[in-house]
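In: output the structure for:
(4 chains)
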Number of protein chains: 2
Amino acid sequence: MRIGELAERTDTSRRLLRYYEERGLIVSTRSANGYRDYDAAMVDRVLQVRGLLDAGLPTRIIKQVLPCLDKPRSIHFPDATPEMLATLERERDRMTERVRCLTRNRDAISDYLDAVRSYVP
Amino acid sequence: MRIGELAERTDTSRRLLRYYEERGLIVSTRSANGYRDYDAAMVDRVLQVRGLLDAGLPTRIIKQVLPCLDKPRSIHFPDATPEMLATLERERDRMTERVRCLTRNRDAISDYLDAVRSYVP
DNA sequence: TCGGACCATCACACCTGTGTGAAGGTCCAC
DNA sequence: GTGGACCTTCACACAGGTGTGATGGTCCGA
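Out: This is a model prediction of the structure:
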C-alpha cells in the first residue's frame, strides 16, 4: 500500500510516517516511480510505534527496542550486545516504574470520579 | 526547605522546580529575603509531578488532575465542572491505554531478555 | 569585611515530535 | 492533454520540557 492508505489506516499523518522512517522505526520499499510501498503488516508496526511513543519512549529507544519485539525472536539473539541488553534492562525497569506511577494516578482519578458521581444522591 | 534542598531531595534541577511552579504544579511561600520556601510534603508532590510528566501527561493536564489526587478529596467536589470531569475521564482512559501498551511491550522485552539469558547454556 | 554558597529573575537555546506549505513529479479519469 | 489526487523532498515553524548563563541580591563563616 502507499503512504496515504497507511496514514489513513493508522490515523497518522504522512509527515509522521516519513519521520518514523527517517528515524529508522519503520521501513518501506520504493515503487518504480519513487513512491513508498508498505507491507500490510506495517499497520500494526506503526500502531506499536505510536503506542510506545505515546507511552513516553523516545524514538531513539524505540528503535533499539523494536527488533526484540518482532516475531521470530531467535534471529535477533546474535545481535544482542551487552550494552544493548543493559539498555533494555534499564528501559524495562523504567517502563515498570511508569506503569506503577500511571496505574496509581489513574486509580486515584478513577476513585475521584466514582466519589463525585455518588455525591449528592 | 529552600529550593536547593528540594532539588537535591527530588533529583530535579532548580530550573525545573521553578518551571513547575510557573506552571502551577507546585507552590511555594517566600521568605523575607525572597527565597522560595517549601514544605516537607513538597518532596512527594514533586515526585508525583515528575512521575506524571514521565508518564506522558503534559503540565496542562497534570495541573487539572492534581487537585483530585490530594488527600481531603471532599473539599474539591464543588470544583468539579462537567468539562473537567470529561477531561478526567478522557485522561483516565488514555492512561489505561498507556498502561496496556506499556505493559505489553515491557513484557515482550522481558521475555526477550529471559530468552537471551537462557541461550547458549 | 570579604569570599563563597546560595538565591532571584530573565533570556536565549536546544531537542523532539509535529504541522504546514512550497515546488515539483506521477498517474488516472475525463 | 488537462485536472485532480496522489506522491516526492525540503524547509521553516511551533510547543513543550529542559539546560545554561548573565546579572544581581542574601547570608554566613573565616
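
In: only C-alpha atoms from now on, for both contacts and neighbour counts.
Out: Noted.

In: any residues of chain A in contact with chain B? List them.
Out: Listed as neighbours of chain B in chain A under the rule C-alpha under 8 Å from any C-alpha of the partner chain: A:51-52, A:54-56, A:65, A:68-69, A:73, A:77, A:80, A:85, A:88-89, A:92, A:95-96, A:98-99, A:101-103, A:105-106, A:108-110, A:112-113, A:116.

In: show me where pLDDT drops low in chain A?
Out: Within chain A, the set of residues satisfying pLDDT under 70 comprises A:71-79, A:120-121.

In: what residues does it have near DNA strand D?
Out: Of all the residues in chain A, those in contact range of DNA strand D (C-alpha under 7 Å from any atom of the strand) are A:2, A:3, A:4, A:5, A:14, A:18, A:34, A:35, A:36.

In: now with 6 Å, please.
Out: Residues of chain A that fall close to DNA strand D, judged by C-alpha under 6 Å from any atom of the strand: A:2, A:3, A:4, A:5, A:34, A:35, A:36.

In: any idea where the helices of chain A begin and end?
Out: With helices called from DSSP state H, chain A shows them at A:3-10, A:14-22, A:42-54, A:59-69, A:82-117.

In: what does the second one contact?
Out: Contact with helix A:14-22 is made by A:3, A:4, A:7, A:26, A:27, A:28, A:59, as judged by C-alpha atoms under 8 Å, 6 or more residues apart in numbering or on different chains.

In: who touches the second one in this structure?
Out: By C-alpha under 8 Å, 6+ apart, the contact list for residue A:4 reads residue A:14.

In: what of the first one?
Out: The contact partners of residue A:3, taken as C-alpha under 8 Å, 6+ apart, are A:14, A:17, A:36, A:37, A:38.

In: hmm, which of those residues are the buried ones?
Out: A:17, A:36, A:38 (16 or more other C-alpha atoms under 10 Å in any protein chain shown).

In: so how far is residue B:56 from the first one?
Out: Put plainly, it is residue A:17. From residue A:17 over to residue B:56 the distance is 21 Å, taken as C-alpha to C-alpha, to the nearest Å.

In: name the residues of chain A found near DNA strand C, please.
Out: Of all the residues in chain A, those lying near DNA strand C are A:13, A:15, A:16, A:19, A:33, A:58, A:59, going by C-alpha under 6 Å from any atom of the strand.

In: narrow these to those that are buried.
Out: With burial judged by 16+ other C-alpha under 10 Å, the buried subset of the residues of chain A next to DNA strand C is residue A:59.

In: among the residues of chain A next to DNA strand C, give me the pair with the biggest separation.
Out: Every pair in the residues of chain A next to DNA strand C was compared (C-alpha to C-alpha); the two farthest apart turn out to be A:33 and A:58, at 32.5 Å.

In: nearest the geometric middle of chain A, what residue?
Out: When chain A is reduced to its mean C-alpha position, the nearest residue by C-alpha atoms, centre = their mean turns out to be residue A:49, at 2.4 Å.

In: contact partners for that one?
Out: Taking C-alpha under 8 Å, 6+ apart as the contact definition, residue A:49 lies against A:25, A:62.

In: again, but for residue A:117
Out: Neighbour list for residue A:117: empty [criterion: C-alpha under 8 Å, 6+ apart].

In: relative to residue A:110, how far out is it?
Out: In this view, residue A:117 and residue A:110 are 11 Å apart by C-alpha to C-alpha.

In: now do residue A:16
Out: Here residue A:16 is placed at a distance of 33 Å from residue A:110 (C-alpha to C-alpha).

In: got it, and residue A:119?
Out: Taken as C-alpha to C-alpha, the span from residue A:119 to residue A:110 is 14 Å.
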